[in-house]
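J.: no FASTA, just this:
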């Protein structure tokens, strides 16, 4: 009887887990869905964060109610720890479960914890473009725009309105929008559009972290990998920018991490198939952000140097994604670069001054918001034996990215939090900082220094995510776009 009761308890706990997880997934996408009977609305699903909480609660409830499940979890934990250690030593078994449980699920809840979208108007056309694509089979935004007062984030071309930003994120958002439509989400409500946008952004950012986890294990021991993951997920713009709205930076970072994962996992067994996949990922990244052409060129040189027979496979992968975007941009905007061709007149800034702004400005300085970036100095003075070639490519990409952006007169990136333009560099910066973390972590003084730097970074990111007053700084006492000298005012920093 005791065994029968225990078995029944395990079954009940299992059913409760799957019910909570299923409802949680539904709540994630069913933003604005009204549940009720007849004309009576019992509940309206408006807060996706509750869905993430329900998923975690499902696992937690089963663990609390089922001794059998607790033993199984302990077995999984030991197996995951062994898998992580083996992968860090060069093993072939990828620790996917550890990445999902340790990175993806907790970060999904953390990224959605503020329960609001921080993207201003720049990101709105991404969701609307996906809706238009699925509903009408086109990318114009006519159904969302009032011709009497069109928004700044659209441009009019031949009686139609299109986004003034790259279209890549539209295609990333489309599957999520379709899932939301399937659940009955009220996507005609602009507020619900914004909430779905937040869900998509958090999933992309959390997936970036989960995919970067095995990559970091190839460059650092497990303990230091944990430190690097905290830096990436909570101490960089991945939290305050990529996870808060559907900027272009999140999909670009995901493409970069995907290419790095292929390189790290198949480094000893390169193949033309995976090289094509790397090229396709980076080609799609250009469709999201044209500045990614810098990395495409550098990575081509890297492939040509290490495995010249696969150079054509890499070019083919890039072309598979890049050519359709070029055709699409030319067909809609009349320019191969698409909407970004309009900003050519803004590339006239003084390089020295804007570079200092990118590095040291109290409003946009990457060394102010992410002081752990200074750990890259270790890589500059001492080359790593592990993945030296790819680290050199990433370092050159970061420098080239800084130089190019330093020519952009609106270097602060408009209304945003912190060094937004460095968001897509986050995977590269963390990998380049790995040597410094590995050198500092074993000593007590080094650990204290790391905790201080990372703690400062997390604190500033959290302020941007949770504080509404900090974001009001952008317009108070005067709009920073009209008074950019405020970006240098240390007596009134946004944090």
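T.: Thanks, I have it. All of these numbers come straight from a predicted model, not from anything done at the bench.

J.: Next, count neighbours for residue 239.
T.: Taking other Cβ atoms under 10 Å as the criterion, the count of residues near residue 239 is 28. Backbone N, C-alpha and C define where each C-beta goes, glycine included.

J.: What confidence value was assigned to the closest residue to it other than its chain neighbours?
T.: Ranked by Cβ to Cβ, 6 or more residues apart in numbering and with sequence neighbours excluded, the top spatial neighbour of residue 239 is residue 461, at 4.5 Å. At residue 461 the predicted local distance difference test score is 96.

J.: and what of residue 442?
T.: The predicted structure scores residue 442 at 92 on the pLDDT scale.

J.: Look at it and give its secondary structure.
T.: Secondary structure state of residue 442, per DSSP: H, G, I helix; E, B strand; the rest coil, is coil.

J.: Okay, and the residue nearest to residue 239 sits in which element?
T.: If you go by DSSP states H and E, residue 461 is part of helix 444-466.

J.: List the contacts of that helix.
T.: When contacts are defined by Cβ atoms under 8 Å, 6 or more residues apart in numbering, helix 444-466 is touched by residues 114, 118, 227, 230-231, 234-237, 239-240, 244, 368-372, 374-375, 417-418, 437, 439-441, 470-471, 494-495.

J.: Please list only the buried members of these.
T.: Among those, those that count as buried by neighbour count (16 or more other Cβ atoms under 10 Å) are 114, 118, 227, 230-231, 234-237, 239-240, 244, 368-372, 375, 417-418, 437, 440-441, 470-471, 494-495.

J.: before we move on, the earlier item: list the ones among the contacts of helix 444-466 that fall in helices.
T.: Filtering the contacts of helix 444-466 for membership in helices, criterion DSSP state H, returns 227, 230, 231, 234, 237, 368, 369, 437, 439, 440, 470, 471.

J.: which ones are touching the third one?
T.: Applying Cβ under 8 Å, 6+ apart, one finds that residue 231 lies in contact with 372, 430, 433, 437, 454, 457.

J.: and the two most separated of those?
T.: Between any two of those, the greatest separation by Cβ to Cβ is 13.1 Å, found for 437 and 457.

J.: Make sure residue 35 is indeed in a strand.
T.: Yes: judged by three-state DSSP, residue 35 forms part of a strand.

J.: and it, how many residues sit next to it?
T.: A count of nearby residues for residue 35, using other Cβ under 10 Å, gives 11.

J.: Residue 28 versus residue 110, what's the distance?
T.: Between residue 110 and residue 28 the distance, using Cβ to Cβ, to the nearest Å, works out to 15 Å.

J.: who has more neighbours, the two?
T.: Set residue 110 next to residue 28 and count neighbours by other Cβ under 10 Å: residue 28 wins out with 27 against 19.

J.: Correct me if wrong: the more buried one contacts residue 198.
T.: No: Residue 28 sits out of contact with residue 198 when judged by Cβ atoms under 8 Å, with a separation of 10.3 Å.

J.: which residues do those two both contact?
T.: Common contacts of residue 28 and residue 198 (Cβ under 8 Å, 6+ apart): residue 48.

J.: could you pull out the strands for the stretch 151-300 of the chain?
T.: All strands of the stretch 151-300 of the chain, identified by DSSP state E, counting those that start in this stretch, fall at 154-157, 160-163.

J.: pLDDT on the first one, on average?
T.: If I follow you right, that is strand 154-157. If you average the per-residue pLDDT over strand 154-157, you get 88.

J.: One more: stretch 176-193?
T.: 88.

J.: now do stretch 370-384
T.: When the per-residue pLDDT values of stretch 370-384 are averaged, the result is 77.

J.: check contacts around the spatially closest residue to residue 184 that is not a sequence neighbour.
T.: With sequence-adjacent residues excluded and distances taken as Cβ to Cβ, 6+ apart, residue 184 is closest to residue 33, at 4.5 Å. Contacts for residue 33 were tallied using Cβ under 8 Å, 6+ apart; they are 44, 45, 183, 184, 185, 186.

J.: Also residue 228?
T.: Contacts of residue 228 by Cβ under 8 Å, 6+ apart are 216, 220, 430, 433, 434, 437.

J.: check contacts around the second one.
T.: Right, the one you point to is residue 220. Taking Cβ under 8 Å, 6+ apart as the criterion, residue 220 is in contact with 88, 228, 434, 437, 438.

J.: tell me the pLDDT at it?
T.: Looking at residue 220, its pLDDT stands at 93.

J.: do the fourth one as well
T.: We have a pLDDT of 94 for residue 433.

J.: okay, now it: neighbour count?
T.: Here the neighbour count serves as a burial measure; for residue 433 (other Cβ under 10 Å) it reads 26.

J.: what's the closest non-adjacent residue to it?
T.: Once flanking residues are discounted, residue 433 sits nearest to residue 375: 4.0 Å by Cβ to Cβ, 6+ apart.

J.: any idea how far residue 401 is from that neighbour?
T.: 18 Å.

J.: one step back: and the residue nearest to residue 433, what does it touch?
T.: Residue 375 sits next to 432, 433, 435, 436, 437, 440, 453 when contact means Cβ under 8 Å, 6+ apart.

J.: Would you mind measuring from the residue nearest to residue 494 when sequence neighbours are not counted to residue 357?
T.: Nearest residue to residue 494, sequence neighbours excluded (Cβ to Cβ, 6+ apart): residue 473, at 4.3 Å. Separation of residue 473 from residue 357 (Cβ to Cβ): 16 Å.

J.: Having no further points to raise, I will conclude here.
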